[in-house]
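Chemist: For reference, the sequence and a predicted model appear below.
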Amino acid sequence: MTERNLRIDLAAVCRLAARFGWQEAVANHCSLAVSADGRQFLMNTRWRDFGKLRASELALLDSSTEVLPPEIDRTAWAIHGALHALLPQARCVLHLHPTYATALSCLEDKRLLPVDQTSARFFNRVAIDTDYAGFADSRAEGERLAAVLGEKKILMMGNHGLLVIGADVAEAFDAFYHFERAARTLLLAYGSGEQVQVLDDAVAEKTARAWEAEPEFAAVHFVEMCRGLDPDYRD
């Protein structure tokens, strides 16, 4: 895929994040690798409304650089620079503060329990960071988060938000979308005051594997969501 097409995809997911209310004011950050080794990547510049972001406005960065460009947020650089340098499988990295996943991250039990078909998708597939210590504004913190994520694709950042990686934008978006939906369901179930019925481990695992058996779903989902966007994001 050309850099131009990658820019369009990343701008689209930023627009969708704004549409679904995942962005925290004009903060948060999304990135997408452009080089084979993942070290060169595109990322949004700081303090921009995702709802107006265009493909041409994304910054092209190299994780090996030692000088932080002034238009890049230091926390974005700490997280995304480290992930793209250390985890070649992290082609797309979405870090946002969606309402329900962030609320779940603030509970003592931060697990997304498998209580329905959607939440079961993530059974035993989420890394949980419980060591929040303030803004992630150092390379060391980015490296720590990369280690916590490990081989998984979803990181519940305790008392902070959600981070999802994927082989491309569509995969990362689809996982992010469904995780937030699942977190909403779980919190609503908690809020009912009734006993929450958690699926049996075997059923949850079977359901998660069924989701994984149709990887093409993510690409179709992303394309369909992009149809409703103002096409100026492609500029």
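Modeler: Looks like it came in fine. Numbering: from 1, shown residues only.

Chemist: just the helices in the protein please.
Modeler: 3-19, 74-76, 82-86, 99-105, 117-120, 139-149, 169-191, 201-212, 216-226 (DSSP state H).

Chemist: got CSV for these, with distance to residue 126 too?
Modeler: Where you see a C-beta, it was placed from the backbone N, CA and C, and this is true even at glycine. Shown next, in CSV, are the helices of the chain (distance: least, CB to CB, whole Å):
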stretch, distance to residue 126
helix 3-19, 20
helix 74-76, 22
helix 82-86, 16
helix 99-105, 10
helix 117-120, 10
helix 139-149, 10
helix 169-191, 8
helix 201-212, 11
helix 216-226, 17
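
Chemist: Could you identify which of those is most buried?
Modeler: Most buried of these, by mean neighbour count (mean count of other CB atoms under 10 Å): helix 82-86, with a mean of 24.

Chemist: now stretch 58-74: mean pLDDT?
Modeler: Stretch 58-74 comes out with an average pLDDT of 92.

Chemist: Next, the distance between the ends of that stretch.
Modeler: Stretch 58-74 stretches 16 Å from its first residue to its last (CA to CA, to the nearest Å).

Chemist: cool, stretch 78-88 as well?
Modeler: End to end - CA to CA - stretch 78-88 spans 16 Å.

Chemist: Kindly report the same for stretch 105-118.
Modeler: End-to-end distance (CA to CA), stretch 105-118: 18 Å.

Chemist: Residue 101: what's it in contact with?
Modeler: For residue 101, the contact set (CB atoms under 8 Å, 6 or more residues apart in numbering) comprises 156, 161-162, 179-180, 183.

Chemist: can you rerun that using 10 Å?
Modeler: By CB atoms under 10 Å, 6 or more residues apart in numbering, the residues touching residue 101 are 22, 110, 112, 154, 156-157, 161-164, 176, 179-184, 186-187.

Chemist: just residue 177 next, same as before
Modeler: So residue 177 contacts 16-17, 20, 22, 98, 118, 164, 218, 221-222, 225 (CB under 10 Å, 6+ apart).

Chemist: Looking at the residues you listed, which is nearest residue 6?
Modeler: residue 222 (13.4 Å; CB to CB).
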